Every structure is written in structure tokens, then in C-alpha cells.
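Peer 1: With the input below, show me the fold.
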Amino acid sequence: MFVRIKTAYNRDGSPRNYLQIVENRRINGKVRQHVIGNLGRVEQLQEGKLDALVLSLAKFARNVAVIDAAQDLFADWSKEYGPALVFRRLWELLGLGTVLQDLMADTQHRIDIPEAIFCMVLNRLCEPGSKRSVQEWKETVYRSQFENMELHHFYHSLDFLAEHIPHIEEALFASQTDLFNRTLDLVFFDTTSTYFEGKAAQGLDRYGYSKDHRPDRLQVLIGVLMTREGMPLAHQVFPGNTPDGEAFRQAVTELKQRFPIDRIVVVGDRGMMGEKTLETLADCNLEYILGVRMRSLTEAKEVVSQAREFTPLTDNLSVAEVLTSGRRYIVCYNPEEAARDQEVRRQVIASLQAKLKRSGVKSLIGNSAYRKYLTLEGGAAINTSLLEQEAVYDGKYVLRTNTVLATTEVALAYRDLWQIERAFRELKSTLELRPVYHWTESRIRGHMAVCFLALVLQCTLQKLLSQAEKPAPYRDVIQDLRKLHAVKLRLKDKEYIVRTELTGSAHQGFKAVGQGIPPRVVEC
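Peer 2: Numbers count the residues shown, from 1 in each chain. You can find the predicted model right below:
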């Protein structure tokens with residue numbers, strides 16, 4: 001349907017214009033116009049009746065109503081809003097904004113280095129990428145301070161961060177202690193490695209044991225000290241060929257020099273155990289709980305054999321104390337793990353017997369899983385003596401400690417280490433240390449410092465979220481926060497920032513850090 005003007009003429013020849021609603025109809029193969037209704041004289045309708053009629057009809061025409069309302073409304077952009085608000089609030093709660101501004105006071109830098117550092121940290125938390133990609137990513141985030149950031153700002157900020165990160169970590173320690181009212185009694189140490197793309201880092205690049213399973217790449221080693229609550233305390237960057245034990249020794253040597261603590265118990269896994277490590281701990285007057293490599297320790301068999309009275313700790317863990325040669329050991333026994341050890345050994349022996357009958361000993365010498373169970377004296381046979389020795393270790397692991405903690409407390413502290421290691425692996429995959437494209441030592445250390453600060457923010461937010469009555473998973477909160485956008489609208493001669501609605505668990509992120517939800521509409 002449409003409208004048309006029908007013209008008629010008076011006797012004096014003057015025209016009369018009528019407004020009609022008509023529609024096209026096909027009659028006998030020809031299109032004819034059929035009048036639906038006469039609206040009246042155009043001149044009379046234009047006096048106001050036509051406007052009222054159009055407005056009345058527009059109520060039933062959805063597209064027309066939207067088009068009419070949007071005549072003077074324009075949307076310039078839509079940008080991600082939620083994470084910047086929540087993490088910036090956390091940034092200030094931890095005192096990072098203040099400590100960085102204080103450090104800037106003694107420099108001649110003209111760029112906003114604290115803001116550039118926050119931008120890089122936020123990128124690691126939301127969409128990890130290279131520093132070049134940060135330059136593009138920041139354009140999708142609503143934070144006015146990011147608008148004037150340029151690529152060289154990020155590179156200069158990495159150098160600044162590499163120089164000052166020890167002081168920043170010490171300030172963070174104080175702020176986290178206040179925030180969570182915690183005491184620093186147990187410290188866990190873990191390491192990871194990351195390799196380089198393109199040029200490697202001058203002075204740090206080495207070939208070493210790759211935890212990324214890339215022994216063909218030059219790498220660096222990163223060590224992280226964490227509290228028993230899973231909060232990052234400090235980090236260090238080592239050359240890529242540094243053994244875990246050596247990294248551990250360097251870390252604990254600096255520990256008491258940097259942090260104001262009276263008593264500390266260092267907890268480390270079996271990779272840290274060694275005479276040099278023990279000497280370092282003794283020199284630093286540090287207490288320790290260390291895992292023991294049972295089959296490489298001379299007195300391990302004696303320690304395990306002397307463990308008699310086991311005290312139940314949980315449904316699947318019992319502990320016993322053994323004192324020998326002036327040393328204190330804790331033997332831990334897990335019956336479920338013992339059953340698994342026995343079954344694995346039974347399957348190996350059954351397979352070994354079958355292979356001995358079928359193909360002889362030569363085909364088994366090259367297999368380390370089989371070879372250790374063989375004896376070649378007087379002909380190939382299964383080493384029954386070794387089997388009896390192996391059975392002693394089923395379901396057991398041994399800890400060495402110089403603390404006066406109760407036996408159960410020692411075992412629980414070491415169990416916490418396993419939980420921290422698992423959480424650390426999850427965090428490393430979330431923050432994506434690699435790929436690393438920097439090649440100067442300062443930039444590499446700065447990049448690792450950015451990742452460490454992101455780790456601090458993530459762990460802190462996780463801790464705060466866990467205190468809610470019905471806590472939402474961290475990743476769910478972040479995904480929902482990223483759905484919160486700021487939209488810039490222009491209505492005639494005025495500009496507004498309009499936020500989208502909160503969805504899912506985004507509100508928990510705001511509540512956890514004490515950040516108010518921004519107004520729905522703000523005039524620019």
C-alpha cells in the first residue's frame with residue numbers, strides 16, 4: 001500500500017488535491033490501483049491532522065519507529081570495559097599505583113610509565129600477546145589513559161620495570177600482608193622455563209632442560225616464590241641452563257635479605273634436595289621441609305625400614321617419624337598409592353617373564369624398565385632380591401626437616417606444596433609466558449616482571465572471590481567481565497558513554513574488589 005494525491009478541478013479551473021491510500025491489484029493480467037480510503041483534502045490534513053495520523057500509525061510500524069528515533073543518534077564505538085575497572089581497583093588496593101609513582105619521582109621520564117605497565121599487565125590477564133599486539137589491543141579497551149600510549153612507551157617501561165621490580169615486590173609483600181592479615185611462615189619455590197622466538201636474550205640464553213619440551217631452543221629459567229596460601233611473593237630470572245637446585249639456593253639466599261621476616265620454613269620438592277642446598281639453608285638459618293629422592297639417598301632404605309608406628313592423618317595418608325644420624329625424617333604412607341605401585345610392578349614382571357620365554361635377554365637389555373629387574377649371573381633371571389627391596393617403598397615418600405613442627409604439620413605443609421605446584425601450572429598456562437620476542441636482558445627481565453605482576457593480580461582476585469558466600473570460578477568471572485562494554489553515543493550535539501548490562505557472574509568481580517558498578521549513562 002501507498003499514498004497518492006488525487007487532483008480534481010473546480011469550475012474556475014483551480015485544483016483540489018485529495019490524499020488517498022491505494023494498493024496495486026492484478027486484474028485480468030493487468031495491474032490496477034484500488035482506492036482503500038480517502039483521507040481528505042491535503043490542505044486541511046497539513047494543518048495537523050496528518051501528523052497525528054502518522055504518529056498513530058508509527059506505533060504499529062517497528063522499523064519506522066526505530067529509524068525515526070535513530071535519526072539523530074550515532075554510535076561511534078564499543079569497547080571492553082569490565083576487566084579494566086576491576087583490575088585497576090585491585091592495582092590500587094595493592095599499592096602498585098602509588099609505589100610506581102613514587103619510583104617515577106626520581107626519574108626524568110616524560111612518558112606515563114606506570115600506566116604503560118598497567119596496560120601490559122592487563123593485556124596478560126585478558127589477551128596475552130607481544131608488545132606490538134598490545135598496541136593494537138589497547139584500542140579495544142575503554143580506558144582514556146591508554147589513548148596516547150605508543151609502542152616505544154611499552155619498551156621503555158620494560159626497562160624501568162626490570163630495574164625496579166625488587167622494590168615493587170617488597171612493597172607488594174607489605175600490601176598483601178595488610179590485605180589478608182597473613183603471616184609468612186611457609187614459602188614454596190617452583191620453576192618453569194620459556195624459550196625464545198627469533199633472537200635470544202643476551203646473557204641469559206642457554207640450552208637446558210626444557211619444561212616446554214623444546215630442547216632445541218635457547219631458554220631462560222623463571223623461579224617463583226609463593227606463600228602457603230598460593231600468593232606470589234617474588235620471582236627471579238636465571239640463565240636457561242641453571243639447575244633447579246642452584247636456582248633454589250640463590251632464591252633462598254636473597255629471601256631473608258629482602259623481606260622483613262623472623263621465622264620461615266622453606267618447602268621444596270625432591271629436585272631441591274642436595275648437600276649444597278642444605279648448606280645454603282643452614283648458612284641462612286632457615287628451617288626447611290624437603291622431599292627426599294629415596295633411591296639415591298644412602299640411608300633412605302634404613303629410614304623407611306625403621307618407620308614402624310604410623311599415625312593416620314587422612315583417609316589415605318599416615319605418617320611416622322624417624323630419627324637417625326642426628327637427622328629428622330618423616331615417612332608418609334598412602335595405601336592407595338601402594339596398591340598402584342604393586343600393580344605396576346606386577347604388570348612389568350609378567351611382561352618380563354613372557355618376553356624372556358619368547359625372545360631372550362638381548363631384546364630386554366635396552367629397556368630400562370625391564371633391565372633393572374634382571375640379573376645375568378648364572379644366566380638371565382628375574383632379580384627377586386631387588387623386587388623385595390622395591391616393595392619396601394610402595395606407597396611411601398620421605399621428607400627431611402630441621403623444624404620442630406609436629407609430624408602431621410610437616411606432612412601437611414609438604415602436601416600444600418603439591419597443591420601450589422598444581423595451581424602454579426594452571427596459572428602459567430593462563431598467563432602464557434611464551435612466546436618471547438625480546439632479545440636484550442633488560443627487556444626479557446621486564447617481560448617476566450609483567451607476567452609476575454599479572455600473576456599477583458590473578459591470585460589476589462582468586463583469593464578475594466573465594467571469600468564470597470557462593471564463589472564463582474575465576475575464569476567465569478573474567479569472561480563475564482569482558483562482556484561488559486562501554487559504548488560512545490552521539491545524540492544531536494551531545495556525547496554520552498553508555499555501558500551494557502552486567503551478565504552472569506560479572507557482579508562478583510566488582511564486589512570482590514569493592515568497586516562500584518559504573519553508571520549506565522555518563523555525559524562526556
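Peer 1: Just list the residues touching the closest residue to G268 other than its chain neighbours, thanks.
Peer 2: Among residues not flanking G268 along the chain, L290 sits closest, at 5.0 Å (C-beta to C-beta, 6 or more residues apart in numbering). In this view, the C-beta of every residue, glycine as well, is placed from N, C-alpha and C. Neighbour list for L290: 266-270, 272-273, 277-278, 399-401 [criterion: C-beta atoms under 8 Å, 6 or more residues apart in numbering].
Peer 1: which residues does L290 bridge with?
Peer 2: Applying DSSP bridges to L290 gives these bridge partners: G268, R400.
Peer 1: about what we covered before: please indicate which of the contacts of L290 are buried?
Peer 2: 266-270, 272-273, 277-278, 399-401 (16 or more other C-beta atoms under 10 Å).
Peer 1: In JSON lines: the residues you listed, plus distance to T140.
Peer 2: Below are these laid out as JSON lines (distance: C-beta to C-beta, whole Å):
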{"residue": "V266", "distance to T140": "43"}
{"residue": "V267", "distance to T140": "42"}
{"residue": "G268", "distance to T140": "42"}
{"residue": "D269", "distance to T140": "41"}
{"residue": "R270", "distance to T140": "45"}
{"residue": "M272", "distance to T140": "43"}
{"residue": "M273", "distance to T140": "48"}
{"residue": "T277", "distance to T140": "47"}
{"residue": "L278", "distance to T140": "52"}
{"residue": "L399", "distance to T140": "49"}
{"residue": "R400", "distance to T140": "52"}
{"residue": "T401", "distance to T140": "51"}
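Peer 1: how far out from the middle of the chain is the longest helix anywhere in the chain?
Peer 2: The longest helix of the chain (DSSP state H) is helix 151-180. Put simply, helix 151-180 sits 18 Å off its chain's centre (C-alpha atoms, centre = their mean, to the nearest Å).
Peer 1: Go through that helix and flag the buried ones.
Peer 2: By 16+ other C-beta under 10 Å, the buried positions in helix 151-180 come out as 153-158, 160-162, 164-165, 168-169, 171-173, 175-176, 179.
Peer 1: Flag every buried residue along the helix or strand harbouring D76.
Peer 2: Element membership for D76, per DSSP states H and E: strand 73-80. By 16+ other C-beta under 10 Å, the buried positions in strand 73-80 come out as 79-80.
Peer 1: Also stretch 488-506?
Peer 2: Buried residues in stretch 488-506 (16+ other C-beta under 10 Å): 488-489, 497, 499, 502, 505-506.
Peer 1: Using pLDDT, spot the least trustworthy of those residues.
Peer 2: Of all the buried residues of stretch 488-506, L489 carries the smallest pLDDT score, 88.
Peer 1: so what's that one closest to, chain neighbours aside?
Peer 2: Using C-beta to C-beta, 6+ apart, the closest residue to L489 is Y496 (4.8 Å).
Peer 1: Now do the SS call for the one you found.
Peer 2: Three-state call for Y496 (DSSP: H, G, I helix; E, B strand; the rest coil): strand.
Peer 1: what's near enough to touch it?
Peer 2: Counting by C-beta under 8 Å, 6+ apart, Y496 has contacts 488-490, 521-524.
Peer 1: One more: A320?
Peer 2: 307-311, 330-331, 333, 407.
Peer 1: do K79 as well
Peer 2: 139-142, 485-486.
Peer 1: That one pairs with what?
Peer 2: With DSSP bridges as the rule, K79 is bridged to A486.
Peer 1: pretty sure V187 is touching I264, no?
Peer 2: Yes: V187 lies in contact with I264 (C-beta atoms under 8 Å); the separation is 5.9 Å.
Peer 1: Which one's more surrounded, the two?
Peer 2: A count of neighbours by other C-beta atoms under 10 Å puts V187 above the other of V187 and I264, at 23 against 18.
Peer 1: what's the following helix or strand after the helix or strand hosting that one?
Peer 2: Per DSSP H and E: V187 is located in strand 186-195. Using DSSP H and E, the helix or strand that follows strand 186-195 towards the C-terminus is strand 219-227.
Peer 1: Which neighbouring elements make contact with that next one?
Peer 2: strand 186-195, strand 232-239, helix 244-258, helix 407-431, helix 441-466 (3 or more C-beta pairs under 8 Å, 6 or more residues apart in numbering; DSSP states H and E).
Peer 1: Adding mean pLDDT and distance to L94, write these out as JSON lines.
Peer 2: Formatted as JSON lines, the helices and strands packed on strand 219-227 follow (pLDDT from 0 to 100; distance: least, C-beta to C-beta, whole Å):
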{"stretch": "strand 186-195", "mean pLDDT": "71", "distance to L94": "19"}
{"stretch": "strand 232-239", "mean pLDDT": "85", "distance to L94": "11"}
{"stretch": "helix 244-258", "mean pLDDT": "75", "distance to L94": "18"}
{"stretch": "helix 407-431", "mean pLDDT": "72", "distance to L94": "17"}
{"stretch": "helix 441-466", "mean pLDDT": "90", "distance to L94": "7"}
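Peer 1: Can you say which of those is nearest to V99?
Peer 2: helix 441-466 (11.2 Å; C-beta to C-beta).
Peer 1: Give me the next element, helix or strand, following that closest one.
Peer 2: Taking DSSP H and E, what comes next after helix 441-466 is helix 474-482.
Peer 1: Give me the buried positions along that next one.
Peer 2: Buried residues in helix 474-482 (16+ other C-beta under 10 Å): 474, 477-478, 480-482.
Peer 1: you'd agree A251 is up against I222?
Peer 2: No: look at A251 against I222 with C-beta under 8 Å: they stay out of range, at 11.0 Å.
Peer 1: so where's the stretch 251-400 of the chain shaky on pLDDT?
Peer 2: Where the stretch 251-400 of the chain drops to pLDDT under 70, the residues are 261-263, 271-273, 295-298, 358-381, 384.
Peer 1: Spell out the residue ranges of the helices in it.
Peer 2: Counting by DSSP state H, counting those that start in this stretch, the stretch 251-400 of the chain has these helices, from start to end: 275-283, 300-306, 335-359, 368-371, 384-392.
Peer 1: ranking those helices by burial, who's on top?
Peer 2: helix 300-306 (a mean of 17; mean count of other C-beta atoms under 10 Å).
Peer 1: Which elements pack onto that one?
Peer 2: For helix 300-306, the packing partners by 3+ C-beta pairs under 8 Å, 6+ apart are strand 317-324, strand 327-333, helix 384-392, strand 396-401.
Peer 1: out of these, nearest to P114?
Peer 2: strand 396-401 (42.6 Å).
Peer 1: just the angle between the closest one and strand 327-333, please?
Peer 2: 150 degrees (axes from the mean of the first three to the mean of the last three C-alpha atoms, to 10 degrees).
Peer 1: residues in contact with strand 396-401?
Peer 2: Against strand 396-401 from outside (C-beta under 8 Å, 6+ apart): 273, 287-292, 294, 297, 300, 303-304, 307, 327-334, 338, 410-411, 414.
Peer 1: Adding distance to G37, write the helices of the stretch 251-400 of the chain out as a markdown table.
Peer 2: Listed next are these as a markdown table, based on distance: least, C-beta to C-beta, whole Å:
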| stretch | distance to G37 |
| --- | --- |
| helix 275-283 | 97 |
| helix 300-306 | 102 |
| helix 335-359 | 86 |
| helix 368-371 | 94 |
| helix 384-392 | 100 |
